[in-house]
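Engineer: Task: produce atomic coordinates for the following.
(one chain, ligands or ions: 2)
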Amino acid sequence: AALAFLVRPHPVHVPIKGRHVFITGGSSGIGLALARQAAVEGARVSILARGAARLQEARDGIRLATGVEVATFSADVRDADAVAKALEASGPVDVLVCNHGVFSPQELDKQDLEEVRFMVEVNLMGTFHLIKAALPPMKRNVKATGLPASIAIMSSQAGQVGIYGYTAYSASKFALRGLAEALQHELISDNIRVSMIFPPDTETPGYAEEHRRRPDVTNLIAGSSPGMKADDVAKTALDGIKSSRFIIPCNFEGSMLSIATAGLSPQGSYFTALVEVLFAGSMRFLGLIFQWNWFRIIERWHARMKNS
Ligand SMILES: NC(=O)C1=CN([C@@H]2O[C@H](COP(=O)(O)OP(=O)(O)OC[C@H]3O[C@@H](n4cnc5c(N)ncnc54)[C@H](OP(=O)(O)O)[C@@H]3O)[C@@H](O)[C@H]2O)C=CC1
Ligand SMILES: CCCCCCCCCCCCCCCC(=O)[C@@H](N)CO
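Structural biologist: Residues are numbered from 1 along each chain as shown. Ligands and ions are numbered 1, 2, ... in the order given. The predicted structure follows:
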């Protein structure tokens, strides 16, 4: 009962029908699935990415599948001015989904510093650029309509646990956690909710590309969490955003991982808060078992490399 009183912020329903949903990385993978599903649910959808050709293909594909015309904006999220211009042109956003992301897995010792900078610039700074540009009109729109708005950030399970091969990627995704938790404090009085989505490996063009170069150890560790289809991640993400959930896990392992890494994140659901409190200890214990297994994988892998 104490928890029912404590949980903050109280959940609200964030409607998307008839509202402006702006999705970055909407020309491929999870972002494209999100755009398609938001269109089906009657949202006015805008998608942003760099490549105009893939944006056009995405737009045609969504029109074919749903009859809905999405707006497309070609910009690199690393360019704050280009992002500001795109958001100016798109009009006030009710649900901003910062889904864009790049990932080049490699041991840091072997990785180019330029690749590290690239992931941090796109995944972290790109998200700052989007939020900075979207906030003023979003606040005005919430005041005018009285409806809650949402800023959703696409993280990853590698944004909840750092694993071999993902030093820069995990760093960029962990940083987004700090951004999201602080941002929710700053925006709660404006009736703007913040959500983070934590998918496992997901079948997308980006993942297909990544899989070609990902270290075997990373494949083995990431394999601890069963992969998902982009449509399923998108559905889970949209449901969580509409329910103003702060932490949105995508599979069962992700739910356990979210309990093990709940930290002091906001929790609006009394039931989830109860589960977090009851299972914190055992999830930590399970986490230790996963780390025991991962270090065993790493040891055996290096032993094999030495002998070969
Ligand atoms: N696939 C997976 O296994 C998982 C993915 N994620 C996260 O989900 C998100 C989407 O991943 P996924 O669908 O696989 O990615 P894809 O590589 O399939 O698509 C990435 C999208 O982001 C756009 N994008 C990339 N860089 C920029 C940039 N600098 N500026 C603007 N747009 C950009 C791409 O378009 P363009 O290149 O034309 O700019 C494309 O639309 C990422 O944040 C990723 O970290 C999380 C967990 C698992
Ligand atoms: C209580 C303990 C339970 C723990 C079980 C879960 C273990 C998760 C292992 C890490 C998975 C990393 C996936 C990265 C996906 C990704 O982001 C890349 N494909 C690039 O996009």
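
Engineer: Can you give me every residue that contacts the residue in the stretch 201-308 of the chain that ligand 1 sits nearest to?
Structural biologist: Closest to ligand 1 within the stretch 201-308 of the chain is residue 206: 2.2 Å, counting by CB to the nearest ligand atom. (Glycine included, C-beta is placed from N, CA and C.) Contact analysis of residue 206 by CB atoms under 8 Å, 6 or more residues apart in numbering lists 28, 29, 101, 102, 103.

Engineer: List the contacts of residue 32.
Structural biologist: Residues near residue 32 by CB under 8 Å, 6+ apart: 26, 47, 58, 61, 62, 230.

Engineer: switch the cut-off to 7 Å
Structural biologist: 26, 58 (CB atoms under 7 Å, 6 or more residues apart in numbering).

Engineer: any idea how far residue 242 is from it?
Structural biologist: Noted for residue 32: a distance of 19 Å to residue 242, by CB to CB, to the nearest Å.

Engineer: what do you get for residue 214?
Structural biologist: Distance of residue 214 to residue 242, computed by CB to CB: 33 Å.

Engineer: Check residue 192 too.
Structural biologist: 14 Å.

Engineer: Between those two, tell me which one has more neighbours.
Structural biologist: It is residue 192, of residue 192 and residue 242, that has more neighbours when counted by other CB atoms under 10 Å, with 24 against 19.

Engineer: Surely that one touches residue 143?
Structural biologist: No. When contacts are counted by CB atoms under 7 Å, residue 192 is not listed as touching residue 143 (10.8 Å).

Engineer: neighbours around the closest residue to residue 132 other than its chain neighbours, how many?
Structural biologist: Here the nearest residue to residue 132 in space, its sequence neighbours aside, is residue 80; by CB to CB, 6 or more residues apart in numbering that works out to 7.2 Å. By other CB under 10 Å, 16 other residues sit near residue 80.

Engineer: How about the one 4 residues further on?
Structural biologist: A total of 16 residues lie near residue 84 under the criterion other CB under 10 Å.

Engineer: Where does it sit, in terms of helix or strand?
Structural biologist: Using DSSP states H and E, residue 84 sits within helix 80-90.

Engineer: buried residues in that helix?
Structural biologist: For helix 80-90, the neighbour count (16 or more other CB atoms under 10 Å) marks 80, 82, 83, 84, 86, 87, 90 as buried.

Engineer: Is ligand 1 within reach of that helix?
Structural biologist: No. Helix 80-90 does not reach ligand 1 (CB under 6 Å from any ligand atom); its nearest approach is 8.5 Å.

Engineer: Residues in contact with that helix: which ones?
Structural biologist: With CB under 7 Å, 6+ apart as the test, helix 80-90 has contacts from 22, 46, 48, 71, 73, 75-77, 93, 129-130, 133-134.

Engineer: sorry, back to before: what's the separation between the residue of the stretch 201-308 of the chain closest to ligand 1 and residue 54?
Structural biologist: Residue 206 is 12 Å from residue 54, by CB to CB.

Engineer: Give the residues shared as contacts by those two.
Structural biologist: Residues touching both residue 206 and residue 54 by CB under 7 Å, 6+ apart: residue 28.

Engineer: got a list of what the residue of the stretch 51-200 of the chain found nearest ligand 2 touches?
Structural biologist: In the stretch 51-200 of the chain, no residue comes nearer to ligand 2 than residue 156, which is 3.3 Å away by CB to the nearest ligand atom. Residue 156 makes contacts with 173, 198, 199, as judged by CB under 7 Å, 6+ apart.

Engineer: any idea which of the residues you listed is closest to residue 299?
Structural biologist: Lowest distance from residue 299 to the contacts of residue 156 (CB to CB) belongs to residue 173, with 26.1 Å.

Engineer: What does the pLDDT read for whatever residue of the stretch 51-200 of the chain ends up closest to ligand 1?
Structural biologist: Nearest residue of the stretch 51-200 of the chain to ligand 1 (CB to the nearest ligand atom) works out as residue 101 at 2.1 Å. According to the prediction, residue 101 has pLDDT 98.

Engineer: Same question for residue 250.
Structural biologist: 98.

Engineer: what residues are up against the residue nearest to it when sequence neighbours are not counted?
Structural biologist: The spatially closest residue to residue 250, leaving aside those adjacent along the chain, is residue 199, at 4.5 Å (CB to CB, 6+ apart). Going by CB under 7 Å, 6+ apart, residue 199 touches 30, 156, 157, 228, 233, 250.

Engineer: what's around the last one, how many residues?
Structural biologist: So the one you mean is residue 250. 25.

Engineer: now swap in the fourth one and tell me
Structural biologist: Look at residue 228: counted by other CB under 10 Å, it has 20 neighbours.

Engineer: and the residue nearest to it when sequence neighbours are not counted, backbone torsions?
Structural biologist: The shortest distance from residue 228 to any non-neighbouring residue, by CB to CB, 6+ apart, is to residue 202 (5.1 Å). Note on residue 202: backbone dihedrals following degrees, to the nearest 10 are phi -130, psi 140.
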